[in-house]
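Student: sharing a model prediction with you, sequence too.
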Amino acid sequence: MRKKERHLIAAFSSTHDAMAFEEYCIQHGAEGRLIPLPKEISAGCGLAWSAPPDDEEGLRELLRLAGIVPQHVRELEI
């Protein structure tokens, strides 16, 4: 069984927002990746951004700069 690790998760209200944020992060070299929405979170879209857990302020700034309003930003063990 795989050991659970902490991740900072940004959930989106639409697939369009999730894909746009992924593209923004790729273009700007941001750490993280698009993942299926963890079952612990309910959101309008089935995708979420998973980032390192220690920089919530940095993730929120990336979201702001990308012009994306997340539905949730939470730290989870997944």
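Tutor: Perfect, I can see it now.
Student: so which bits of stretch 15-33 are buried?
Tutor: By 16 or more other CB atoms under 10 Å, the buried positions in stretch 15-33 come out as 17-18, 21-22, 24-25, 30, 32. The way it works is simple: take the backbone N, C-alpha and C, and place the C-beta from them, glycine included.
Student: what mean pLDDT does that stretch have?
Tutor: Computed over stretch 15-33, the mean pLDDT rounds to 97.
Student: stretch 1-12 now?
Tutor: 92.
Student: gap between the two ends of that stretch?
Tutor: 29 Å (CA to CA, to the nearest Å).
Student: ok, and the closest non-adjacent residue to the most centrally placed residue in the chain?
Tutor: By CA atoms, centre = their mean, the chain has its centre lying nearest to residue 49, at 2.2 Å. Nearest non-adjacent residue to residue 49, counting by CB to CB, 6 or more residues apart in numbering: residue 10, 4.3 Å away.
Student: could you do residue 44 as well?
Tutor: residue 13 (4.0 Å).
Student: OK, contacts around that neighbour?
Tutor: 43-45, 69, 71 (CB atoms under 8 Å, 6 or more residues apart in numbering).
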